[in-house]
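> give me a 3D structure for the following:
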Amino acid sequence: MGVHAWYYLVAYRENIQEALECLREREFRAGRYFPAMLELTFSLEDPPPGPGSQHASIAAAREEAAEDGTKSILDFERVSLEPAWDAITPLDSDMIDLCLGSVTPGRETREEGLSWLLEAIDRSEGRYLLLYEDGSPAFILFLGCSFD
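As a prediction, this is how the structure comes out:
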């Protein structure tokens, strides 16, 4: 089926794991995952509508998606400092600076810079970075690529 890139912008929370859990729950309830939706779209603005959850749990959705994965944040359960299966890790500050022109980028992140970041991420990897407003973290950008 090919690799599918995904990304989500959420309000900043100091606890990144908590932000990840809330995002996963939001996307599950909305049904914005494979196989509930065959084609997924992503935006730095408000997320597009979804059909609503089509499974009893995130685990059930992941089980049905099997080796293809859900092509979404549902495939990643935890935050880790080291790359690992099903873990979201912080994006390297050098990569952020190279792709976005700053180690403290704002929400106005260019689509071009986002594309460069996604190209630097291998399949089955998830990353996150902070976006800033007035010098303080304001958003978390989660991004990655599907398993297949």
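
> which helix or strand lies directly C-terminal to the lengthiest helix in the chain?
Counting by DSSP state H, the longest helix found in the chain is helix 16-30. For helix 16-30, the following helix or strand on the C-terminal side (DSSP states H and E) is helix 58-65.

> so what touches that next one?
Residues outside helix 58-65 that contact it (Cβ atoms under 8 Å, 6 or more residues apart in numbering) are 24-25, 28, 33-36, 53-55, 69-71, 74-75. The way it works is simple: take the backbone N, C-alpha and C, and place the C-beta from them, glycine included.

> can we see that at 7 Å?
Defining contact as Cβ atoms under 7 Å, 6 or more residues apart in numbering, one finds that helix 58-65 is touched by 24, 28, 33-36, 55, 70, 74-75.

> tell me the pLDDT at the residue of the chain positioned farthest from its centre?
Going by Cα atoms, centre = their mean, the residue of the chain most distant from its centre is Asp134, 23.8 Å out. The per-residue pLDDT reported for Asp134 equals 95.

> with Gly113 instead?
84.

> in what helix or strand does it lie?
Assigned by DSSP H and E, Gly113 falls in helix 111-119.

> how big is the angle separating the helix or strand just after that helix from helix 111-119?
Downstream of helix 111-119, the next assigned helix or strand under DSSP H and E is strand 126-133. With axes from the mean of the first three to the mean of the last three Cα atoms, to 10 degrees as the basis, strand 126-133 and helix 111-119 are set at 150 degrees to each other.

> how far is strand 126-133 from where the chain is centred?
10 Å (Cα atoms, centre = their mean, to the nearest Å).

> then stretch 130-146?
11 Å.

> just the buried residues of that stretch, please?
Within stretch 130-146, the residues scored as buried using 16 or more other Cβ atoms under 10 Å are 130-132, 139-146.

> what sits up against that stretch?
3-12, 16, 19, 23, 69, 71, 73, 76, 88, 104-107, 109, 117-118, 121-129.

> in ChimeraX, how would I select the buried members of those?
Selection of buried members from the contacts of stretch 130-146 for ChimeraX, criterion 16+ other Cβ under 10 Å:
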select :4,5,6,7,8,9,10,16,19,23,69,71,73,76,88,104,105,109,117,118,121,124,125,126,127,128,129
